[in-house]
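[1] pasting the sequence and the predicted model now:
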Amino acid sequence: LLGGLIGVEWTKKRIGHTRSTGDDMALPLLTGMMIGRIGCFLTGLDDHTYGIPTGWVTGVDFGDGILRHPTQLYEIAFLLLLGITILVMKNRARHGSVHLPDGMSFIIFMGGYLLFRLLVDFIKPTPHPYAGLNNIQLACIAGLIYYTLLLRRKLSAKPTLIGKGT
């Protein structure tokens with residue numbers, strides 16, 4: 001996701017496009033990711049996306065006799081909640097009860113997902129060589145910093161009332 005973001009933003013800068021393009025992509029990306037995680041879950045141990053052993057009721061035996069966190073299912077549940085949140089916010093904006101700046105749906109999607117990945121990777125059996133973090137978590141932190149700065153800039157900008165008679 002971050003690589004795609006960099007490519008899109010670089011291209012937009014080169015061609016002089018200044019408007020947000022991500023809002024229309026947030027829900028389709030989210031849906032595609034949920035479908036992809038079903039495949040990850042069904043692949044089992046070969047996919048290497050499962051979690052560490054657990055005694056939780058959510059533990060799943062992926063074929064090796066060990067109950068593990070089904071991080072793929074956690075991600076599906078999180079993405080579903082994130083999608084509902086985005087839909088509710090878009091609906092409120094459409095009815096005028098909240099102002100949703102251009103690009104906000106994508107910012108919510110990316111910020112939420114990056115925060116989720118930062119946290120869920122703590123329960124994945126991957127090496128965490130960088131002060132207890134792995135390379136994906138470091139990328140998530142960088143992305144969260146970017147989106148925090150972008151969100152601050154968007155929220156401090158005055159809303160434009162296009163089509164409202166101004």
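    Now that the structure is in, tell me what you want to look at.
[2] show me where the chain has strands.
    Secondary structure of the chain (DSSP state E): strands at 60-61, 67-68.
[3] mind putting those strands in TSV, distance to residue 31, mean neighbour count and mean pLDDT included?
    For every residue, glycine as well, the C-beta is placed using N, CA and C. Shown next, in TSV, are the strands of the chain (distance: least, CB to CB, whole Å; neighbours: other CB atoms under 10 Å; pLDDT from 0 to 100):
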stretch	distance to residue 31	mean neighbour count	mean pLDDT
strand 60-61	23	14	96
strand 67-68	26	19	97
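[4] closest to residue 142 out of the ones you listed?
    Minimum separation from residue 142 across the strands of the chain (CB to CB) falls at strand 67-68, 28.3 Å.
[5] may I see the strands of the chain arranged in CSV, with distance to residue 25 as well?
    Below are these laid out as CSV (distance: least, CB to CB, whole Å):
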stretch, distance to residue 25
strand 60-61, 31
strand 67-68, 32
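[6] from residue 136, how far off is the spatially most central residue of the chain?
    With distances taken as CA atoms, centre = their mean, residue 113 lies nearest the centre of the chain, 2.1 Å away. When distances are taken as CB to CB, to the nearest Å, residue 113 and residue 136 turn out to be 12 Å apart.
[7] and residue 153, by the same measure?
    Counting by CB to CB, the gap between residue 153 and residue 136 amounts to 26 Å.
[8] same question for residue 37.
    Counting by CB to CB, the separation of residue 37 from residue 136 is 15 Å.
[9] could you do residue 118 as well?
    As for residue 118, its distance to residue 136 is 8 Å (criterion: CB to CB).
[10] so between these two, which is more surrounded?
    residue 118 (19 against 16; other CB atoms under 10 Å).
[11] so what's that one up against?
    For residue 118, the contacting residues are 137, 140-141, 144, taking CB atoms under 8 Å, 6 or more residues apart in numbering as the criterion.
[12] lowest confidence element among the helices and strands of this structure?
    Lowest mean confidence among the helices and strands of the chain (mean pLDDT, DSSP states H and E): helix 2-15, at a mean of 86.
[13] mind giving me the packing neighbours of it?
    Contacts defined by 3 or more CB pairs under 8 Å, 6 or more residues apart in numbering; DSSP states H and E place helix 2-15 against helix 135-156.
[14] measure residue 7 to residue 1 for me?
    With CB to CB as the criterion, residue 7 and residue 1 are 11 Å apart.
[15] who has more neighbours, these two?
    Per other CB under 10 Å, whichever of residue 7 and residue 1 has more neighbours is residue 1, with 15 against 10.
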